[in-house]
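Visitor: what follows is a predicted protein model with its sequence.
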Amino acid sequence: MLFQVRMDVCLPHDLDPKTRSEIVAEEKQYAQELQRAGKWPHIWRIVGEYANISVFDVESNDELHALLSGLPLFPYMDIHVTPLATHPSDINA
Ligand SMILES: O=C(O)C[C@H]1C=CC(=O)O1
């Protein structure tokens with residue numbers, strides 16, 4: 001099952017810089033592990049924003065929720081999920 005996920009990051013301005021660096025480094029490691037596992041096949045920066053558009057490839061809504069809620073930045077993100085279906089005009093479908 002494919003899902004488009006938009007993540008908007010909003011870190012508190014008074015967050016300790018060391019803590020911020022650690023969370024961002026943990027996030028990168030977590031994200032890259034999921035990419036290597038094939039669960040997170042696309043991630044794109046939205047130009048001019050601390051936000052991304054991603055595509056997740058998972059078995060269920062519950063799996064997606066578990067992966068997203070495990071993001072180290074999860075407490076600092078607004079996340080919007082859009083389920084994707086095959087388009088009838090897709091020549092690759
Ligand atoms: O930078 C972001 O868009 C937030 C987050 C998502 C993956 C990652 O490494 O950081």
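Guide: Nice, I can see it.
Visitor: helices of the protein, start to end?
Guide: For the chain, the helices defined by DSSP state H cover 17-36, 61-69.
Visitor: now render those helices as TSV, adding distance to the ligand.
Guide: From N, CA and C alone the C-beta is placed, and that goes for glycine too. Converted to TSV, the helices of the chain look like this (distance: least, C-beta to the nearest ligand atom, whole Å):
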stretch	distance to the ligand
helix 17-36	4
helix 61-69	10
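Visitor: could you dump these to TSV with mean pLDDT, mean neighbour count and distance to residue 7?
Guide: Shown next, in TSV, are those (pLDDT from 0 to 100; neighbours: other C-beta atoms under 10 Å; distance: least, C-beta to C-beta, whole Å):
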stretch	mean pLDDT	mean neighbour count	distance to residue 7
helix 17-36	98	13	10
helix 61-69	98	14	8
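Visitor: so which of those is nearest residue 5?
Guide: Among these, helix 61-69 comes nearest to residue 5, with 7.0 Å by C-beta to C-beta.
Visitor: does anything pack onto the closest one? Which helices or strands?
Guide: Counting contacts by 3 or more C-beta pairs under 8 Å, 6 or more residues apart in numbering; DSSP states H and E, helix 61-69 is packed against strand 2-9, strand 77-84.
Visitor: what is the last one packed up against?
Guide: Taking 3+ C-beta pairs under 8 Å, 6+ apart as the contact definition, the neighbouring helices and strands of strand 77-84 are strand 2-9, helix 61-69.
Visitor: strand partners (parallel or antiparallel) of the shortest one?
Guide: To tie it back to what came earlier, the one meant is strand 2-9. Strand 2-9 has the following strand partners under DSSP bridges: strand 51-57 (antiparallel), strand 77-84 (antiparallel).
Visitor: deepest-packed of those, please.
Guide: strand 51-57 (a mean of 17; mean count of other C-beta atoms under 10 Å).
Visitor: what about that one, average pLDDT?
Guide: The average pLDDT within strand 51-57 is 98.
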